[in-house]
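[1] Would you be able to build a 3D model of this:
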Amino acid sequence: MPRKARIDAAGALHHVIGRGIERRKIFHDDADRAAFLGRLARILAETRTDCLAWALIPNHFHLLLRTGAVPIATVMRRLLTGYAQDYNRRHHRHGQLFQNRYKSILCQEETYLLELVRYVHLNPLRARLVQTLEELDAYPYSGHSVLMGKTQALRQDVDSVLGQFGATVRTARKGYRAFVEQGASQGRRYDLVGGGLIRSTGGWKEVLEQRARGIRTKGDERILGDGPFVEQVMRQSEARLERHMRLRLEGYDLPRLAQEVEARLGIDPLAHRGRYRGVVEARRVFCYWAVHELGWNGTAVAHALGLTQAAVSMAVKEGERIVRERGWSL
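    Take a look at the predicted model:
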């Protein structure tokens, strides 16, 4: 059965889980963890991706990310490929490091943000890497310690979380800490990480109750949210996919896209380079349309333009602004 495509959109919230192959360790020591966090921090900054929660466990990791200038798939490809290469060099090994695909769940932020932050940050306690909440407060390899003001291990969107617990930092941290403590005894939350239908309805109890009432709720393993949210995301995803396919069937490859940009701006973005304003503008529009309208990944666009992936990420954001200001579309 073919794998389902990733679902994403600007501003979308994702719970990402990556595991070591055969449940083996992917973090052996602090040097490994520092290398992973350092690479993640650079990629978050370059792609303008927000991180709201994270935790490193010896054989897996959790990230709660909000899509920025580029798709989460691009962020994760850069992170996992780069880290695996560095890890193999440091540990004198070869071969695959991570187990199959990482899991990426698109989440309904209004309903699940705080639950997910708490769930992710309690992972070190559940894994017995720390024994008490007091130890978790200072544990350097979880975003909980950042929210508590104990460490600054990673660029993290602290305000989006603490802002929901109080008007001042002190009050907010106190409220957040109490919230985390309330969830410490919950154990594994299958309604947050279980099957798609379970996630989409809030657990098997709710699924069975709805079935008893003759209600059938749409579920998808890639989405965490209620039925209407799942249906809305699926409609939007299908619409984007249909648009990508339509444009490709109409002959829109990268050279054809370059011609379209040249018709608007008088400059072929594939033929011209340099920091001249017109060239920069044309290449920004090209990057945005290639990634968002045609569905090309950042690696392919970077190769075509002779840019880095980080430069493409920045160009996508600026290209979106230019296109919207001028009311352009393909």
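
[2] average pLDDT for the one helix or strand residue 86 maps to?
    For residue 86, the host element (DSSP states H and E) is helix 72-90. Across helix 72-90, the average pLDDT comes to 92.

[3] For the remainder of this discussion, apply numbering that starts at 207.
    With the count now opening at 207, the last piece we talked about shows up as helix 278-296.

[4] Quick check: which helices or strands does the next helix-or-strand element following it pack against?
    Note on helix 278-296: by DSSP H and E, the next helix or strand toward the C-terminus is strand 309-313. Applying 3 or more C-beta pairs under 8 Å, 6 or more residues apart in numbering; DSSP states H and E, we find strand 309-313 packed against strand 219-225, helix 278-296, strand 429-430. All C-beta atoms are positioned from the backbone trio N, CA, C, and that covers glycine.

[5] looking at those, which is closest to residue 507?
    Closest approach to residue 507 among those is made by helix 278-296 (9.9 Å; C-beta to C-beta).

[6] Residue 323: what secondary structure?
    Going by DSSP: H, G, I helix; E, B strand; the rest coil, the secondary structure assigned to residue 323 is helix.

[7] Okay, domains of this protein per the record?
    219-393, 397-443, 456-532 (automatic domain parsing).

[8] So what touches the helix holding residue 292?
    212, 214, 218, 220, 222, 224, 232, 237-238, 241-242, 245-246, 249-250, 253, 255, 271, 299-304, 308, 310, 503-505, 515, 519 (C-beta atoms under 8 Å, 6 or more residues apart in numbering).

[9] Give me the buried entries from the residues you listed.
    214, 218, 220, 222, 224, 232, 238, 241-242, 245-246, 249-250, 253, 255, 271, 303-304, 308, 310, 503-504, 515, 519 (16 or more other C-beta atoms under 10 Å).

[10] Can you tell me what sits against stretch 495-509?
    Contacts of stretch 495-509 (C-beta under 8 Å, 6+ apart): 276-277, 279-280, 283, 446-447, 449-450, 453-454, 458, 460, 463, 466-467, 492-493, 510, 513-515, 517-519, 522, 525-526, 529, 536.

[11] now do 6 Å
    By C-beta atoms under 6 Å, 6 or more residues apart in numbering, the residues outside stretch 495-509 that reach it are 276, 280, 450, 453, 458, 463, 493, 515, 518, 522, 536.

[12] what are the phi and psi angles of the nearest residue to the last one once chain neighbours are set aside?
    The one in question is residue 536. Distance criterion C-beta to C-beta, 6 or more residues apart in numbering; nearest residue to residue 536, sequence neighbours excluded, is residue 499 at 5.2 Å. When quoted as degrees, to the nearest 10, the phi and psi of residue 499 stand at phi -100, psi -40.

[13] Least confident secondary structure element in this protein?
    Every helix and strand in the chain was compared by mean pLDDT, DSSP states H and E; the lowest is helix 402-407, with a mean of 44.

[14] where are the low-confidence patches of the stretch 357-506 of the chain?
    Within the stretch 357-506 of the chain, the stretches with pLDDT under 70 are 393-456.

[15] Let me see the ranges of the helices in it.
    364-368, 375-389, 396-399, 402-407, 410-418, 433-455, 460-471, 483-494, 504-511 (DSSP state H, counting those that start in this stretch).

[16] Could you identify the helix or strand that succeeds the last one?
    Read that as helix 504-511. helix 515-532.

[17] Now do that following helix: everything it contacts.
    Applying C-beta under 6 Å, 6+ apart, the contact partners of helix 515-532 are 252-253, 275-276, 490-491, 493-494, 497, 504, 507-508.

[18] Could you rerun that using 7 Å?
    If you take C-beta atoms under 7 Å, 6 or more residues apart in numbering as the criterion, helix 515-532 is touched by 252-254, 275-276, 284, 487, 489-491, 493-494, 497, 504-505, 507-508.

[19] cool, and stretch 230-248?
    By C-beta under 7 Å, 6+ apart, stretch 230-248 touches 226, 262, 264-265, 285, 288-289, 292-293, 303-304, 347, 359-361.

[20] Stretch 255-270 now?
    Residues from elsewhere that reach stretch 255-270 (C-beta under 7 Å, 6+ apart): 221-226, 229-233, 239, 242, 250, 271-274, 281, 322-323, 326-327, 329-330, 333, 335, 347-349, 360-363, 366-367.

[21] how far does that stretch stretch from start to finish?
    Distance between the two ends of stretch 255-270: 10 Å, counting by C-alpha to C-alpha, to the nearest Å.

[22] repeat for stretch 224-240
    Termini of stretch 224-240 sit 17 Å apart (C-alpha to C-alpha).

[23] Could I get the buried residue list for that stretch?
    224-226, 232-233, 238-239.

[24] how far out from the middle of the chain is that stretch?
    What separates the centre of stretch 224-240 from the centre of its chain is 19 Å, taken as C-alpha atoms, centre = their mean, to the nearest Å.

[25] Please apply the same query to stretch 353-368.
    17 Å.

[26] and what of stretch 243-253?
    Mean-position distance between stretch 243-253 and its chain equals 12 Å (C-alpha atoms, centre = their mean).

[27] tell me the mean pLDDT for it?
    93.

[28] Run through the stretch 207-356 of the chain and note the low-pLDDT ranges.
    207-216.
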